[in-house]
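Structural data only, the sequence is not supplied:
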Ligand code: 5RP
């Protein structure tokens, strides 16, 4: 069956955690979009929540669907965050394919409950793929040199719709580092200690992974 069915089923699995009065963190990407859409349907049926967003993309979508959006400094807590992932093992994720990793980590790690919603293709025995690192533009060459120690193929992500580098919602550059991550927690902290690095796409703290299946979902 289509991968999009699995994405919708994973998003449906996360809907069960919603309660009136919650502040909900909205992730970014095609799977998170399915959740945002289903959430807007629940709101039409009477659910009362406020949302913080992790990217301009999810903000635009949530706004167009009439979801009440608040800024992070207007809330005292985030009750529930729901976001996708590029790859997942049972204990760690790789995120940042859409370049929203920094806000995603702020919102996900800051939430009381952080649900990760994925289709079956994302679930892997090993965390091996593209590690995404957000860096301040001033430091990019210096950071790239150090990231080449992890992979000689590390490179600054270029934009496909404009000339030059991809610029994140925070005004920074992205460096993609294809590699296998054997000790996710160690590498997550190690990469963040490189001067100029804002955040990286290894996520080691989350509450649950909800895997969308062709008929329903399972929780890990
Ligand atoms: C964006 C992300 C996304 O969560 C990740 O790329 C998954 O996206 P999709 O659901 O479209 O596969 O980390 O920065």
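Happy to help now that I have it. From a predicted model like this one, the values you see are computed outputs, not experimental measurements.

Please count neighbours and contacts with C-alpha atoms only from this point.
Will do.

ok, residue 82 touching residue 118?
No - Residue 82 lies out of contact with residue 118 (CA atoms under 8 Å); the separation is 10.5 Å.

Name the helix or strand for residue 109, please.
Under the criterion of DSSP states H and E, residue 109 resides in helix 101-110.

after that helix comes which helix or strand?
Scanning onward from helix 101-110 (DSSP H and E), the first element met is strand 111-119.

near the ligand at all, the lengthiest helix in the chain?
When the chain is parsed with DSSP state H, its longest helix is helix 30-44. Yes - applying CA under 6 Å from any ligand atom, one finds helix 30-44 touching the ligand at 30, 31, 32.

Filter these down to just the buried residues.
Burial by neighbour count, 16 or more other CA atoms under 10 Å: within these this picks out 30, 31, 32.

Quick one: those as TSV, columns for pLDDT too.
Listed next are these as TSV, based on pLDDT from 0 to 100:
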residue	pLDDT
30	98
31	98
32	98
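
give me the number of residues near residue 74?
Residue 74 has 8 neighbouring residues, counting by other CA atoms under 10 Å.

Would you state the predicted confidence (pLDDT) at it?
The per-residue pLDDT reported for residue 74 equals 98.

Residue numbering should commence at 49 henceforth.
Right, with 49 as the first residue, what we last looked at is residue 122.

returning to that earlier point: hmm, who's touching the longest helix of the chain?
Residues outside helix 78-92 that contact it (CA atoms under 8 Å, 6 or more residues apart in numbering) are 55-56, 58-60, 62-63, 74-75, 97, 106, 109-110, 113-115, 130-132, 165-166.
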